[in-house]
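J.: Mind looking at a prediction? Sequence and model below.
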Protein chains: 2
Amino acid sequence: MPPHAGNRDADNTDVESAPAPEDAAGRYTVRSVARAMRLVQIVADGPAEGLSLSDLARAIGTSKSTTLALARTLAAFGMLRDSKPGPRYALGTAAIRLGDIARGQLPLGELSRPLLTELADLTKMTSRLAICDDGFPVFIERVDGPGSVRFHTPLGQREMPHASAAGKAILATMTEQQVRELCALTGLRRRTSHTITDVDSLLANLKLVRRNGFAIDDEEDAEGIFCLGAAIFGHDGAVAGAVSVTGIKGDLPAWRINELGQAVRHAADRVSEILGGPRYSDPSGSDSA
Amino acid sequence: MPPHAGNRDADNTDVESAPAPEDAAGRYTVRSVARAMRLVQIVADGPAEGLSLSDLARAIGTSKSTTLALARTLAAFGMLRDSKPGPRYALGTAAIRLGDIARGQLPLGELSRPLLTELADLTKMTSRLAICDDGFPVFIERVDGPGSVRFHTPLGQREMPHASAAGKAILATMTEQQVRELCALTGLRRRTSHTITDVDSLLANLKLVRRNGFAIDDEEDAEGIFCLGAAIFGHDGAVAGAVSVTGIKGDLPAWRINELGQAVRHAADRVSEILGGPRYSDPSGSDSA
DNA sequence: CGCCGTCGTTCGGCTGTACCGAACGGCGTT
DNA sequence: AACGCCGTTCGGTACAGCCGAACGACGGCG
């Protein structure tokens, strides 16, 4: 039988994306490192108080002694921290350091910060910036608007392309062929009753996105949540990511949608400008690879 | 631009805190995981464009094939990303995700955010929040003031206790005995010509910190940089961290120092309040363990 | 009070795997 | 063409990672 005995059951019910990168690292991979990374992921998805050693051992399906060695090694590098009493493991300061540096390594993050702040002030909504990772939107920066509610989607995580404003803004820059391929890969999972779950409806929606210059997520990812997003382009003209704002649906009268959409698109254009890329222009019917 | 580690065999001496966690993780440790973590650290300290596989292999002293397996495993989890062309490894989106979650797991981060923003607006300086990690200050949150210069000390990193305002604010809450022990461990390394490098001067300085309620870093960590810091306390009355503001020395007339110090101390007290801890009170001569 | 469950930790030994070295094809430069 | 360096593949072997058992401590429960 394959090394990991069949205990991938129990928990991880709430991890929606989960193509489970567990051992599927191709052929040349290091088992203990993969285990260690799974440990880190589990700790990250766990409660803030941390997890006990036994919890971890059960979660990754190894013996306590093995798990202890892994956790100790990670803790030695500050990746995990053991908070006393009754040693519980949570993410350590090295994780913060790496995350901060990683954001700095992406050129977009630092540059877009002031623009996001401005957009958040203007719209009174949480504004975020996503990069395009193989067609998936990944938010790397977030600025909360004044008095805006706290959303808990962490940065650095792949979001569903079809169920987010940033995702649809990105999809709208791709060809129908590319969209179909990506959708076949992901599956258009239903998130709420408003989620677009068939490709044809999605393509029609994207046509609208191209005409407006911004994408709308009307409770398609989470109930009661409304988002607006616009794509940004890099120096090579390819889509680099998207800017989006998020708020409570009830706080947004319909007549403000277009105004806010223009604001988002304008902010995205300014980011494109900084990158040396082209500003948005309606590519209706002429979208090329 | 981060300090380049001009590495090779005699490398990684630039981590100041560093009891060199390389392999010295005690007795129960996993070698490949330690190697993997060193890989991540090296990539983090490297340039934003990433490092080639051969670079990494040389840096950690393993064969290319081994390094490839390690890097592939890390990349499968998104910890590293290989940016084409001519595969170069940089930090991946998972690092961002983990960092974001780690900051969320620390109670202080989210709670102090609005206060830091307020302080940054008030002082026009970069304001940061540090937690106390074994006596070392570790910044976990940063809010740039309007028009403030960009400082590149990454979050999540241990700073020198004796050469930073946050560090001295924390030291000031400790007993002379504890301060001496910590100093013996770290060594009061000189950073600039203003750095306090002997323990007695430091203790005298800390006495002043206690009287003022805030600590001053007058170009002691970096030339031309001026900081003010004040300690914060948790629900158990123990020191939990510090708030500090950072700016260019030339921009700060002497007569504003006390005013800004009070502002920092006030902000720190409000954080303590949120934590359910005691606000600052002058413990002159009455601090005991 | 003694029983049982769980916790974290230690240690010895076997097996598997992580490591290395050699070899290959592709590039760019000499 | 020949050289260097790059990233990648593959097979063999020693070693290190993994397990299971055992221990002391803690905490409920009958």
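T.: On my side now, so go ahead. Numbering: from 1, shown residues only, chains lettered A, B, ... in the order given.

J.: Tally up the residues packed near the residue in chain A positioned nearest to DNA strand C, please.
T.: When scored by C-beta to the nearest atom of the strand, chain A has residue A:31 as its residue closest to DNA strand C, at 2.8 Å. In short, each C-beta sits where N, CA and C put it, glycine included. Using other C-beta atoms under 10 Å in any protein chain shown, residue A:31 has 14 neighbouring residues.

J.: Roughly how far does it sit from residue B:68?
T.: According to C-beta to C-beta, to the nearest Å, residue A:31 and residue B:68 sit 15 Å apart.

J.: cool, residue A:268 as well?
T.: Counting by C-beta to C-beta, the gap from residue A:268 to residue B:68 is 38 Å.

J.: for residue A:116, same thing?
T.: 37 Å.

J.: Would you mind confirming that residue A:261 is in contact with residue A:226?
T.: No - using C-beta atoms under 8 Å, residue A:261 is not in contact with residue A:226, being 11.3 Å away.

J.: More neighbours: these two, which one.
T.: Between residue A:261 and residue A:226, counted using other C-beta under 10 Å, residue A:226 has the larger neighbour count: 23 against 20.

J.: The more buried one bridge partners, please.
T.: residue A:218, residue A:247 (DSSP bridges).

J.: OK, contacts around it?
T.: A:216-219, A:246-249, A:252 (C-beta atoms under 8 Å, 6 or more residues apart in numbering or on different chains).

J.: May I ask which two of those residues are separated the most?
T.: Distance extremes for those: the farthest pair is A:216 and A:248 at 14.8 Å, using C-beta to C-beta.

J.: quick one, which of those two is more surrounded?
T.: The residue with more neighbours, out of residue A:216 and residue A:248 and counting by other C-beta under 10 Å, is residue A:216; that gives 19 against 12.

J.: Taking chain A, what residue is nearest to chain B?
T.: Across chain A, the shortest distance to chain B (C-beta to the nearest C-beta) belongs to residue A:99, at 1.5 Å.

J.: wait, is residue A:229 part of a helix?
T.: No - the assignment for residue A:229, made by DSSP: H, G, I helix; E, B strand; the rest coil, is strand rather than a helix.

J.: so what's residue A:242 bridging to?
T.: With DSSP bridges as the rule, residue A:242 is bridged to residue A:130, residue A:231.

J.: pretty sure residue A:51 contacts residue A:42?
T.: Yes - the pair residue A:51 / residue A:42 is scored as a contact, 7.1 Å apart, by C-beta under 8 Å.

J.: shared neighbours, the two?
T.: Joint contacts of residue A:51 and residue A:42 (C-beta under 8 Å, 6+ apart) are residue A:59.

J.: Please say which of the two ends up with more neighbours.
T.: Applying other C-beta under 10 Å to residue A:51 and residue A:42 shows that residue A:51 carries more neighbours, namely 21 against 18.

J.: got a list of what the closest residue to residue A:63 other than its chain neighbours touches?
T.: Counting by C-beta to C-beta, 6 or more residues apart in numbering or on different chains, residue A:63 lies nearest to residue A:57, which is 6.5 Å off, once chain neighbours are set aside. With contact set as C-beta under 8 Å, 6+ apart, residue A:57 has these partners: A:63-64, A:66-67.

J.: Just the buried residues out of these, in PyMOL syntax.
T.: In PyMOL, this line selects whichever of the contacts of residue A:57 come out buried by 16 or more other C-beta atoms under 10 Å in any protein chain shown:
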select buried, chain A and resi 66+67
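
J.: got the CA coordinates for the lengthiest helix in chain A in CSV?
T.: If you go by DSSP state H, chain A has its longest helix at helix A:257-275. In CSV, the C-alpha atoms belonging to helix A:257-275 read as follows (Å, rounded to 0.1, in the frame of the first residue of the first chain):
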residue,chain,number,x,y,z
ILE,A,257,-22.4,50.2,-8.6
ASN,A,258,-21.3,51.8,-11.8
GLU,A,259,-19.6,54.7,-10.0
LEU,A,260,-17.6,52.3,-7.8
GLY,A,261,-16.8,50.1,-10.7
GLN,A,262,-15.3,53.1,-12.5
ALA,A,263,-13.2,53.9,-9.4
VAL,A,264,-11.9,50.3,-9.3
ARG,A,265,-11.1,50.3,-12.9
HIS,A,266,-9.3,53.6,-12.6
ALA,A,267,-7.2,52.3,-9.7
ALA,A,268,-6.4,49.2,-11.8
ASP,A,269,-5.3,51.4,-14.7
ARG,A,270,-3.0,53.4,-12.5
VAL,A,271,-1.4,50.2,-11.2
SER,A,272,-0.9,49.1,-14.9
GLU,A,273,0.6,52.5,-15.6
ILE,A,274,3.1,52.0,-12.8
LEU,A,275,4.0,48.6,-14.2
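
J.: Many thanks, I have nothing further to ask.
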